[in-house]
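>>> structure for the following, please:
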Amino acid sequence: MDSMARLDVKDKDPFAHAEDEPKDNISTGGFVFRALFRYLKIFIFVYGITAAIYYYVFGNFPGL
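Numbering: from 1, shown residues only. Got it, this is the predicted structure:
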C-alpha cells in the first residue's frame, strides 16, 4: 500500500492558483515578531550552551 500522495500532473499552469489567499495571512509586524522571536530563542539556546562550556573550562560565567 502506497501512502504517498500522488502529484497532480494534470494542472500545467503554475499560476492557476495565484489569486488564492495565503494559508497564514499575517501582517508585516507579525512576520518581524515571529522572526525576532525565532532567532532570539536560537540565540538564548546557543548562549546557554556556550556559557556552560565556558563555566566548565574557566570556573565562572562570562561577564560576571
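
>>> low-confidence ranges in this protein?
Counting by pLDDT under 70, the ranges of the chain that qualify are 1-11, 22, 63-64.

>>> middle-most residue in it, spatially?
residue 38 (6.1 Å; Cα atoms, centre = their mean).

>>> let's verify it: helix, strand, or coil?
At residue 38 the chain is in helix, as set by DSSP: H, G, I helix; E, B strand; the rest coil.

>>> going along the chain, name the helices of this protein.
28-58 (DSSP state H).

>>> residue furthest from the geometric center of it?
Largest centre distance within the chain, by Cα atoms, centre = their mean: residue 59, 34.0 Å.

>>> that residue and residue 24, how far apart?
The spacing between residue 59 and residue 24, counted by Cβ to Cβ, to the nearest Å, is 47 Å. In this view, the C-beta of every residue, glycine as well, is placed from N, C-alpha and C.

>>> please apply the same query to residue 50.
Counting by Cβ to Cβ, the gap from residue 50 to residue 24 is 33 Å.

>>> more neighbours, those two?
residue 50 (11 against 8; other Cβ atoms under 10 Å).

>>> ok, the residue lying closest to that one once chain neighbours are set aside to residue 42 distance?
In space, and not counting its chain neighbours, residue 50 is closest to residue 62: 7.8 Å by Cβ to Cβ, 6 or more residues apart in numbering. Applying Cβ to Cβ, the value for residue 62 to residue 42 is 18 Å.

>>> now residue 13
From residue 13 to residue 42 the distance is 39 Å (Cβ to Cβ).

>>> the more surrounded of the two?
Set residue 13 next to residue 42 and count neighbours by other Cβ under 10 Å: residue 42 wins out with 10 against 7.

>>> please tell me how far the more buried one sits from residue 32.
16 Å.
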